[in-house]
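Undergrad: fold the following.
(one chain, ligands or ions: 1)
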Amino acid sequence: MASSSAAAHCHPKVVIIMGATGCGKSRLSIDLASHFRSAEVINSDKMQVYRGLDITTNKIAPADRRGVPHHLLGSLDPDDGEMTPSQFRSLGDAAISDVASRGSLPLLVGGSTSSILALLAERFVPEEDVFGGLGPPARPELRYHCCFLWVDVSLPILKKCLPKRVDGMLRMGAFDELARYYDLRRTDPGGRAGLRKAIGVPEFDQYFEKYPPRGVGPGDAWEPEDARERDNDPVREGAYQEALREIKKNAGQLMKRQIMKIRQLSESGWELHRLDATEAVRLATAPEEEDVWKRQVLEPSVEIVNQFLQEK
Ligand code: ATP
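TA: Numbers count the residues shown, from 1 in each chain. The predicted structure follows:
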């Protein structure tokens, strides 16, 4: 069980799970929450905070949450515009207090490093670009008692897995999700502003401008695109493939930026406990993967969190 001192301490204890997209942060959060039983996840991915585009933004599916409560996941209305770091700071703080007040351990999970920093720093200056300087950022004082877990995967392995991940998301319905989203914005051009930068949206906008989703008139039922239409039209298929290439390229760049920012934080003096999930990600669906994940990522994490919970 998580220590009830998380609630009693004037600086609540928070475990932060960081890492680039595709490293296994969500999996680790659920494994840890199941192990410690009394733990709840607070999302810190700035696109997953919004309602909608669940597949495109890679939100953990309800069935995979295994009953672990999640906060700030799909809870904001994208029509309300882009969430600022200041807003995330106050929403995240309220969520941490709420979880800690129940004697549960808050697990802050997500890849938006700037948002994480905005939430955790004792002193937050909205105008300051912490990662903008040449060297590592100055180490900020923290307003919680923090334990950082960094799920790290070597960039070449992450990049190798990326095309498959993106293709998988498309198969699971990301294309239809994006088509519906495009359709909604046609009737309400300023709408869904919060999600407009999510990777997948700008990349597919050009495709949908040329090949609008069907059923865009008022009252028309929306119809998913038949992939055969692309098979019979090489120009259309080319435009679709171009959007996919852009998504993969931009997701690759996001991974690189995320890793760079985490390294900068580590160089600035934050004690980040690095868990190497490279082998587990490389093994993907191989039978021995489960065992490697347990040995190289989960068990060391449990030990680190156990020690942290014992700290005064
Ligand atoms: P920045 O300093 O750029 O704000 P950050 O660390 O605060 O970076 P990131 O989470 O790296 O924020 O997000 C930067 C951009 O990456 C987003 O604006 C969006 O385009 C894309 N992005 C991040 N997370 C997702 C996601 N889950 N799905 C789709 N796109 C995402």
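Undergrad: what residues does the stretch 101-250 of the chain have near the ligand?
TA: Within the stretch 101-250 of the chain, the positions lying close to the ligand (C-beta under 6 Å from any ligand atom) are 111-115, 197-199. For glycine as for every other residue, the C-beta is placed from the backbone atoms N, C-alpha and C.
Undergrad: among those, which are in strands?
TA: Nothing among those maps onto strands, per DSSP state E.
Undergrad: by neighbours, which of those wins?
TA: Neighbour tally across those (other C-beta atoms under 10 Å): the maximum, 28 neighbours, falls on residue 111.
Undergrad: phi first, then psi, for residue 118.
TA: Backbone torsions of residue 118, given as degrees, to the nearest 10, read phi -60, psi -40.
Undergrad: distance check, the nearest residue to it once chain neighbours are set aside against the ligand.
TA: Nearest non-adjacent residue to residue 118, counting by C-beta to C-beta, 6 or more residues apart in numbering: residue 85, 3.6 Å away. Distance of residue 85 to the ligand, given as C-beta to the nearest ligand atom, to the nearest Å: 7 Å.
Undergrad: what's the neighbour count on residue 85?
TA: Neighbours of residue 85 under the rule other C-beta under 10 Å: 19.
Undergrad: contacting residues around it?
TA: 114-115, 118, 124, 126 (C-beta atoms under 8 Å, 6 or more residues apart in numbering).
Undergrad: out of the residues you listed, who's nearest the ligand?
TA: If you rank the contacts of residue 85 by distance to the ligand using C-beta to the nearest ligand atom, residue 114 comes first, at 3.1 Å.
Undergrad: got the contacts of residue 85 as a markdown table, with distance to residue 139 columns?
TA: What follows is those, written out as a markdown table (distance: C-beta to C-beta, whole Å):
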| residue | distance to residue 139 |
| --- | --- |
| 114 | 16 |
| 115 | 18 |
| 118 | 15 |
| 124 | 14 |
| 126 | 19 |
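Undergrad: would you list every one of the strands in the stretch 201-312 of the chain?
TA: Applying DSSP state E, counting those that start in this stretch to the stretch 201-312 of the chain gives strands spanning 272-276.
Undergrad: okay, now the unreliable bits of it?
TA: 215-223 (pLDDT under 70).
Undergrad: could you rerun that using 80?
TA: 214-227 (pLDDT under 80).
Undergrad: in it, which residue sits nearest the ligand?
TA: Closest point on the stretch 201-312 of the chain to the ligand, by C-beta to the nearest ligand atom, is residue 254, at 4.7 Å.
Undergrad: number of nearby residues for that residue?
TA: Based on other C-beta under 10 Å, the number of other residues close to residue 254 is 15.
Undergrad: next: residue 123.
TA: 8.
Undergrad: can you pull the phi/psi pair for it?
TA: phi -120, psi 120.
Undergrad: helices and strands around the helix or strand hosting residue 179, which ones?
TA: Following DSSP states H and E, one finds residue 179 within helix 175-187. Counting contacts by 3 or more C-beta pairs under 8 Å, 6 or more residues apart in numbering; DSSP states H and E, helix 175-187 is packed against helix 201-210.
Undergrad: which parts of the helix it packs on are buried?
TA: Under the neighbour-count criterion of 16 or more other C-beta atoms under 10 Å, helix 201-210 has 201, 203-204, 207-208 buried.
Undergrad: widest-spaced pair of those?
TA: 201 and 207 (11.2 Å; C-beta to C-beta).
Undergrad: quick one: contacts for the residue of the stretch 201-312 of the chain closest to the ligand?
TA: So residue 254 contacts 20-21, 111, 199 (C-beta under 8 Å, 6+ apart).
Undergrad: for those, name the two members farthest from one another.
TA: Among the contacts of residue 254, 20 and 199 lie farthest apart (C-beta to C-beta), at 13.0 Å.
Undergrad: how much space between residue 178 and the ligand?
TA: Using C-beta to the nearest ligand atom, residue 178 is found at 11 Å from the ligand.
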